[in-house]
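# coordinates only, sequence not included:
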């Protein structure tokens, strides 16, 4: 497509259980550190907890911090890390024209208020009146607004001054894939020059864990890597945020910044999830993402969730490809909308490093290595709907 332009990743902001920023993620991944998991805070659920964060470093006003939910705080913080990494933080003229796309859930519940209202309802003959009065009494306006999905983008605009166009996508894992797809497509078509795109998820929500457990979606009692043989179905939810600064090559060169990696087109699918359809979809997406390139110096980073039967079907497609595979989820955990952006961020770090990080022990699909890594295909299969793939390439 002659009209398309080369798109560079010029900034990455990462927060996960491994720590804060790209350097600590690179260090811990390549040293083969054991993933950080928490099996005691929300038993029997296994989660990847957030790191210790001094929010003042990226969100200096305490009032801004107080009115945000936890997912908004870690998202706004990671967005600040990405802007800093791209050399854009504090550059008012650049931030004025920077567009933003965020993938978000429906926000968070105030669990204490929910419990209080439910308790009052049990003894009330006018439950609807009691509910309205309780909401007016117990929810501050800022707390209520914090439940809206587009408030993450709003807070990023307020705190960091990103005031170009703004879009928020909802729709679980598909939202994260779509956010990157739209951002890359707009840049490639010349409809934008620089964009901030990403997401965040807070795993430490007991109401969400209970809800997802009722659907059989939580890993319980003991951690196991996503592709470990004999692993039980279940997701290790993670408090995680990932933001990327994407820009056209010409724009980046004009302001004198070097890329972390090159981002190709994002390909998506939406199967009905009949038996075998995910495997076929992932096989097709791998071919689309790789194009006509040969299989040398290529690896796959998977954002597989751990939920069945989708994960087993993705596993079969990845195994059939014959390429080296690594699971991002096994190392960072799963954050729904943020899963795919986080995997793309890790892929960018890997191609810049020029080598693949070590395999996890006792996970045979991760045994293969690649000695000179130049391209990574990122795959993402939602726990319920949505499949995607992207090609991330080294820029030398």
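Right, received. Where do you want to start? Since this is a predicted model, take the numbers as computed values, not measurements.
# ok but residue 130 is inside a helix, no?
Yes - looking at residue 130 with DSSP: H, G, I helix; E, B strand; the rest coil, it is inside a helix.
# count of neighbours near it?
15 (other C-beta atoms under 10 Å). For the C-beta atoms, the positions are set from N, CA and C on the backbone; glycine is no exception.
# ok, it touching residue 124?
Yes - with contact defined as C-beta atoms under 8 Å, residue 130 reaches residue 124; the gap is 4.5 Å.
# which stretches of the stretch 51-200 of the chain form helices?
62-66, 70-85, 92-96, 111-122, 127-138, 141-145, 151-160, 173-188 (DSSP state H, counting those that start in this stretch).
# ok, the closest residue to residue 68 other than its chain neighbours - contacts?
Counting by C-beta to C-beta, 6 or more residues apart in numbering, residue 155 is the residue found nearest to residue 68 once chain neighbours are left out, at 5.8 Å. Residue 155 makes contact with 64, 68, 72, 75-76, according to C-beta atoms under 8 Å, 6 or more residues apart in numbering.
# among those, who's most crowded?
Busiest of the contacts of residue 155 [other C-beta under 10 Å] is residue 75, holding 32 neighbours.
# is the residue lying closest to it once chain neighbours are set aside in a bridge, and if so with what?
Distances taken as C-beta to C-beta, 6+ apart place residue 200 nearest to residue 75, at 3.1 Å, with adjacent residues excluded. Listed by DSSP bridges, the beta-bridge partners for residue 200 are residue 241.
# ok, now which ones touch residue 200?
Applying C-beta under 8 Å, 6+ apart to residue 200 gives the contacts 15, 71-72, 74-75, 78, 104, 152, 240-242, 335, 338.
# go again using 10 Å as the cut-off
Residue 200 sits next to 15, 69-79, 102-105, 152, 239-243, 335-338, 341-342 when contact means C-beta atoms under 10 Å, 6 or more residues apart in numbering.
# next one: residue 22
11-14, 81-82, 85, 260, 345-346, 348-349, 352.
# of all the residues you listed, which comes closest to residue 276?
Closest to residue 276 out of the contacts of residue 22 is residue 346 (28.8 Å), distances taken as C-beta to C-beta.
# and the angle from the host helix or strand of that closest one to helix 173-188?
Taking DSSP states H and E as the definition, one finds residue 346 inside helix 339-353. Going by axes from the mean of the first three to the mean of the last three C-alpha atoms, to 10 degrees, helix 339-353 is angled at 50 degrees with respect to helix 173-188.
# Which residues does residue 266 form beta bridges with?
residue 390.
# my read: it touches residue 246, true?
No - the criterion here is C-beta atoms under 10 Å, and residue 266 misses it with residue 246 at 11.0 Å.
# So between these two, which is more surrounded?
Neighbour totals were compared for residue 266 and residue 246, and residue 246 leads with 29 against 25 (other C-beta under 10 Å).
# How about the contacts made by that one?
Taking C-beta under 10 Å, 6+ apart as the test, what residue 246 contacts is 7-11, 82, 86, 99, 101, 180, 183-184, 186-188, 192-197, 252, 259, 263, 344.
# Just the pLDDT at it, thanks.
pLDDT for residue 246: 98.
# Where does it fall, secondary structure wise?
strand 240-248.
# and the angle for that strand with helix 173-188?
20 degrees.
# Report the buried residues of the helix or strand following strand 240-248.
Sequence-wise, the next helix or strand downstream of strand 240-248 (DSSP H and E) is helix 249-254. The neighbour-count check on helix 249-254 (16 or more other C-beta atoms under 10 Å) flags 249, 251-252 as buried.
# again, but for stretch 41-61
So, applying 16+ other C-beta under 10 Å, buried residues of stretch 41-61: 42, 45-51, 53, 55, 58-59.
# Residue 90: which of the residues you listed is nearest?
Looking across these and measuring by C-beta to C-beta, the closest to residue 90 is residue 58, at 11.8 Å.
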